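Asker: Build me a structure from this.
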Amino acid sequence: MATSTADMAVDPPGVVRLLAHPVRWRLLRELVRSDRTVRELTRLVGEPQSLVSYHLRQLHDGHLVVKRRSTADGRDAYYAVDLRRCRSDLHTSVAALHPGLWSPTSPPSPPPPPTTSRRRPRVLFLCTGNSARSPMAEALAQHLSAGSISAASAGSHPKPLHPNAVTVMQRRGIDISTHRPRQLDELASQRFEVVVTLCDRVREVCPEFPSGPELVHWSIPDPSLEGSTLRASYPAFERTASEIQTRVGFLLDALAHASSQRSSDHE
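Answerer: Numbers count the residues shown, from 1 in each chain. Here you go, the predicted structure:
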């Protein structure tokens, strides 16, 4: 069947052009694993800082990457992939190539249930107070994985659970009202496959774990700092819970993929 001139004139979608560059692809590959600073990305991709900054700007202008000022060091900034936007743009691009190539997104696939020879993967979520971000992440991980992973949380300076954290979780059908904030030192000697820091400050003081877990950083601002009352800060908690839910879902997909790969290797 002949291709029409009109079809040949259609340019590839913007996201395809952005991802086609090898440096931008490598940057995104690093950023889907963990939020990073320019300095870290320069080391990881082995390119000059000026080139890394240029391509990060292209990704930022294309709305695939977001930038947040570090709450630990205001002179620094963290870059993160906008996972929802990236997924949406990629699906739209595939559908533009051929409608039959697009398929709706499915819920995250939890890791397979453990057998007698394989224990549940353990994931630890850390923030400063263990009063909002990390307990929400712990609860969402347990809930979305249907218990097929073991999640825990702690803080470098624990403080009481924030009421808005309880409320936003209740609206998702999850009760965290009995959560007990824990000191990071209580868990530092335990074995985890993944340790996720959700706070720039706690990342700076995160200890070395004996099991050598994968270290992941999510630079998520403290929602309790927005607004002087519970009502005023609630929208920030809702946004934070939504972002954490998205990130946890992608983390579960990664854990499920890694588990499937290990199973295939042993067959």
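Asker: Next up, the contacts around residue 45.
Answerer: By C-beta atoms under 8 Å, 6 or more residues apart in numbering, the contact list for residue 45 reads 23, 26, 27, 30, 52. (C-beta placed from N, C-alpha, C; glycine too.)
Asker: hmm, try it at 10 Å
Answerer: Shown in contact with residue 45 (C-beta atoms under 10 Å, 6 or more residues apart in numbering): 22, 23, 24, 25, 26, 27, 29, 30, 36, 51, 52, 55.
Asker: Kindly report the domain assignment for the chain.
Answerer: Annotated domains of the chain cover 12-101, 122-266 [automatic domain parsing].
Asker: could you dump these to CSV with mean pLDDT?
Answerer: Shown next, in CSV, are the domains of the chain (pLDDT from 0 to 100):
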stretch, mean pLDDT
domain 12-101, 92
domain 122-266, 93
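Asker: Quickly compare those domains and say which is most buried.
Answerer: domain 122-266 (a mean of 19; mean count of other C-beta atoms under 10 Å).
Asker: chain center to that one: distance?
Answerer: 10 Å (C-alpha atoms, centre = their mean, to the nearest Å).
Asker: if we can go back for a sec, filter the contacts of residue 45 down to just the ones in strands.
Answerer: Residues of the contacts of residue 45 located in strands (DSSP state E): none.
Asker: Looking at those, which are in helices?
Answerer: 22, 23, 24, 25, 26, 27, 29, 30, 51, 52, 55 (DSSP state H).
Asker: Distance check, the last one against residue 186.
Answerer: In this structure, residue 55 lies at 41 Å from residue 186, with C-beta to C-beta, to the nearest Å as the measure.
Asker: Distance check, the closest residue to residue 96 other than its chain neighbours against residue 174.
Answerer: Once flanking residues are discounted, residue 96 sits nearest to residue 13: 5.8 Å by C-beta to C-beta, 6 or more residues apart in numbering. Distance of residue 13 to residue 174, computed by C-beta to C-beta: 37 Å.
Asker: Then residue 247?
Answerer: 16 Å.
Asker: Mind telling me what element the residue nearest to residue 245 when sequence neighbours are not counted is part of?
Answerer: Distance criterion C-beta to C-beta, 6+ apart; nearest residue to residue 245, sequence neighbours excluded, is residue 140 at 5.4 Å. Element membership of residue 140 [criterion: DSSP states H and E] is helix 133-144.
Asker: Does anything pack onto that helix? Which helices or strands?
Answerer: strand 122-127, strand 150-155, helix 163-170, strand 194-197, helix 230-266 (3 or more C-beta pairs under 10 Å, 6 or more residues apart in numbering; DSSP states H and E).
Asker: Present these as a markdown table; the columns should include distance to residue 92.
Answerer: Formatted as a markdown table, the helices and strands packed on helix 133-144 follow (distance: least, C-beta to C-beta, whole Å):
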| stretch | distance to residue 92 |
| --- | --- |
| strand 122-127 | 31 |
| strand 150-155 | 33 |
| helix 163-170 | 30 |
| strand 194-197 | 29 |
| helix 230-266 | 18 |
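Asker: So which of these is nearest residue 18?
Answerer: Among these, helix 230-266 comes nearest to residue 18, with 19.3 Å by C-beta to C-beta.
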